[in-house]
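Colleague: let me see the structure of the following:
(2 chains)
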Amino acid sequence: MIAFSRPFWPLFLHVFGAMALFGAILAAGITSAVSWRQPGLVVLRRATFRALLVAVPAYIVFRAAAQWIYSKEQDAYGGSDPGWIGIGFIVSDAGLLLLLVTIGCAFWWQRSGKPLAGRIVAGLSALYLVMLAVAWLAMSGKWG
Amino acid sequence: MLHVTAAFFLFGGSAAAGILNTLAIRAERPSETAYLLRLVRVTLPLIGIGAAGTLVFGIWLWHELGFSIGAAWIWISLALWVAGNALGGIGGRHQEKTRELAERLAAAGDASTAELNALLRDRKGNALSWLAGAAILAILVLMIWKPGS
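Modeller: Residues are numbered from 1 along each chain as shown, chains lettered A, B, ... in the order given. Modelled structure (predicted):
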């Protein structure tokens, strides 16, 4: 019932931000993963960093809209949040830390050109994509 | 859950392709443009799975959730799905043409030409890709809004 009675804007902004975030991390994941085989290409370092910068506004929109929805609905859960909301919070809050670390590593990679930095960015991007997938599965399947 | 996963693949894959395409347009050298446009291809399987999945699981949900057969928002979404795929396909051909020229220039000294710049900034070619993205965004609006339901 709650899902069908949600106002349009918070839910739209939440889903739109999450999908844009997934797209930006995916782009960064592709460019950094490709650099594994061709570590010398400057264009990949630059593209990865810029793609990750797109993820920042997407994250803000997604997270702010999530809080907007939660503030309106938390009373309906009677003080005990269902599992899918807990998973959403863990992924979004841990995801912010992960995103910032990934951007930091991408900046280090862009400046230094060290292949190790690119590999760390590829690994962190892959991890974040998996976390986002778990979050959308938990939220759409209403786990717990 | 499967419909949402497919939607993430379609929208997220399209967003990734859009980011790579934008970076390709802004690249300094033809070799960089060609490389980034080649990477757009990596997103295509994900977009394809997402497009097929949203349609199949969407029609399944239509039946499961008991929405009316005459629900206008679903029919409009289907029309936008067809339009988005068609526009994306045509826009993709424009990108391929640009990539082929960029690769030829990269092999011949890696200096940009007026022809490549014109293709990269071709309003009609780029508009097709942006309109495809707008169609997908409009589907997302309809899926959340569900006007009339």
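
Colleague: identify the residue of chain A closest to chain B, quick one.
Modeller: As assessed by CB to the nearest CB, chain B sits closest to A:Gly23 within chain A, at 2.5 Å. For every residue, glycine as well, the C-beta is placed using N, CA and C.

Colleague: I'd assumed B:Ser14 was in contact with that residue.
Modeller: Yes - at 7.0 Å, A:Gly23 counts as touching B:Ser14 under the criterion of CB atoms under 8 Å.

Colleague: how many other residues sit next to the residue in chain B that chain A sits nearest to?
Modeller: The nearest approach of chain B to chain A comes at B:Ala15, 2.5 Å away (CB to the nearest CB). Counted with other CB atoms under 10 Å in any protein chain shown, residues neighbouring B:Ala15 total 27.

Colleague: what number of residues lie near the residue of chain A closest to chain B?
Modeller: Neighbours of A:Gly23 (other CB under 10 Å): 27.

Colleague: kindly report the same for B:Ala79.
Modeller: With other CB under 10 Å as criterion, B:Ala79 counts 12.

Colleague: quickly find the element holding it.
Modeller: helix B:72-107 (DSSP states H and E).

Colleague: between A:Gly23 and B:Ser14, which contacts overlap?
Modeller: Residues touching both A:Gly23 and B:Ser14 (CB atoms under 8 Å, 6 or more residues apart in numbering or on different chains): none.

Colleague: any idea how far the residue lying closest to A:Trp143 once chain neighbours are set aside lies from A:Phe12?
Modeller: Of all residues not flanking A:Trp143 in the chain, A:Trp84 sits nearest, at 4.7 Å (CB to CB, 6 or more residues apart in numbering or on different chains). Counting by CB to CB, to the nearest Å, the separation of A:Trp84 from A:Phe12 is 19 Å.

Colleague: over to B:His63?
Modeller: 25 Å.

Colleague: tell me which of those two has more neighbours.
Modeller: A side-by-side neighbour count of B:His63 and A:Phe12, using other CB under 10 Å, places A:Phe12 first with 18 against 9.

Colleague: now do the same for the more buried one: helix, strand or coil?
Modeller: Assigned with DSSP: H, G, I helix; E, B strand; the rest coil, A:Phe12 falls in the helix class.
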